[in-house]
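Asks: Sequence and predicted structure, then a few things I'm wondering about:
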Amino acid sequence: MIVVMKPDSTPGELEAVMQRAQQMGAKTHPIYGESRTVVALVGDLTGVSREVFDEMNGVAHSMRIQEQHKLTGRTIRPDNTIINVGGVRIGGKEVIVMAGPCSVESREQIIETAIAIKAAGGKILRGGAFKPRTSPYDFQGLGEEGLKYMAEAREITGLPIITEVMTVEAVPMVSEYADILQIGARNMQNYGLLNAVGKVKNPVMLKRGMSGLLKELLLCAEYIASNGNYNIMLCERGIRTYETATRNTFDLNAVPVLKQSSHLPVVADPSHGTGFREYVPAMAKASIAAGADALILEVHADPDKALSDGRQTISIEDFGKLMIDLRRIAEAVDRTIEEPELEDMSAFAELEALA
Ligand code: PEP
Ligand code: MN
């Protein structure tokens, strides 16, 4: 159920509605939209009657929410959620490009890549320090050391960082370093982990499980939101099908479906979606055309030598070229991708110092 407040309602009236709902056994989530403030009532609503609210001061009306994904659905918030990460706005008119290596491999590697990504117009740096690898004998990531290098790359470039957190125990530590927490495909339905990231302040990017239905993805996002963290991005990264020509089947249907059913920003990952670097540009462009709010791309100075996912990783040079094409696609669909700030050369001085 939602209780829609009048535009001129006072904070005290909002508080009174929430208290009343809590007395009746509901959990309350105030949602401050651009056009209206609403209170979502979730949990056991058997003792809750709508009429009580309709008579309270400051209330415009109340209504039942039909969707199962109550907090992440459009009924509660018709406007798009815009997530502000260190001044980078995800979910607005600008399409945000997140890029970086699959794994952080060394200090030099992540700093060099971060500088190149910024120079090409990338807005957020990706890099895995805790890697969910299929084989226990493959490179598992640098752990906390990798997070320190990521933080240093952020210091130098100003790019916010996104990195995966794989376990509940690691949430406090990874949250200290990361601007955005990534929940990987293999953990989409790890409900303990979803509850844990729902209790921290960092925005979360939730990746679709390889056999996850979109309605399941939305309900997993709902776990995070129901714990009080509403800054969630939904990421399509390909699903497993009978097709073997690509690593995964990149389900671009997900973009318009998720945009219709949720107010949350939608991210597309054509690197994992295709598994081959030669297909990444086409699917990155298609993602923007389909309405994605952000892309996440794997980029490496020498992709064939990458310690993970090299085959699907594009070079720094190809990333630069792709950004130019992406900008044109964005404009064609009434979005933007900002030109890189060329006047800021301080990052390049750092690069020279490293060399
Ligand atoms: C990754 O982003 O490197 C990753 C492991 O992705 P996914 O969870 O989608 O496989
Ligand atoms: Mn990867």
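Replies: Looks like it came in fine. These figures come from a predicted structure and were not determined experimentally. Ligands and ions are numbered 1, 2, ... in the order given.
Asks: Is there a neighbour count for the residue of the chain at minimum distance from ligand 1? I'd like the number.
Replies: In the chain, no residue comes nearer to ligand 1 than G184, which is 3.0 Å away by CB to the nearest ligand atom. Glycine gets a C-beta too; all of them are placed from N, C-alpha and C. The tally of other residues near G184 (other CB atoms under 10 Å) stands at 22.
Asks: now A129
Replies: For A129, using other CB under 10 Å, the count is 27.
Asks: Quick check, it in contact with T163.
Replies: Yes. Counting by CB atoms under 8 Å, T163 is a contact partner of A129 at 5.6 Å.
Asks: ok, what's across the strand from E164?
Replies: Q182 (DSSP bridges).
Asks: In contact with it, which residues?
Replies: Counting by CB atoms under 8 Å, 6 or more residues apart in numbering, E164 makes contact with G128, A129, F130, K131, P132, L181, Q182, I183, G184.
Asks: Just give the closest residue to the first one, not the sequence neighbours.
Replies: Which is G128. Leaving aside its sequence neighbours, G128 sits nearest to S103 (CB to CB, 6 or more residues apart in numbering; 4.8 Å).
Asks: Am I right that the one you found is in contact with G146?
Replies: Yes. If you go by CB under 8 Å, S103 and G146 touch, sitting 7.5 Å apart.
Asks: Between those two, which contacts overlap?
Replies: In contact with both S103 and G146: G127, G128, A129, using CB under 8 Å, 6+ apart.
Asks: need the contact list for the first one.
Replies: Going by CB under 8 Å, 6+ apart, G127 touches G100, P101, S103, V104, I110, T113, G146, Y149, M150, A153, I161, T163.
Asks: For PyMOL, what selects the buried ones among these?
Replies: What follows is the PyMOL syntax for the buried subset of these, where burial is set by 16 or more other CB atoms under 10 Å:
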select buried, resi 100+101+103+104+110+113+146+149+150+153+161+163
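Asks: Can you flag which of the contacts of G127 belong to helices?
Replies: The helices, defined by DSSP state H, take in I110, T113, G146, Y149, M150, A153 from the contacts of G127.
Asks: Could you report the separation of Y230 from ligand 2?
Replies: Remark: distance between Y230 and ligand 2 (CB to the ion, to the nearest Å) = 27 Å.
Asks: Could you do R36 as well?
Replies: In terms of CB to the ion, R36 sits 40 Å off from ligand 2.
Asks: neighbours of that residue, just the number please.
Replies: With other CB under 10 Å as criterion, R36 counts 17.
Asks: I'd say it and V4 touch.
Replies: Yes. Between R36 and V4 there is a contact under CB under 8 Å: 5.9 Å.
Asks: need the residues of the stretch 251-355 of the chain near ligand 1, please.
Replies: H272 (CB under 6 Å from any ligand atom).
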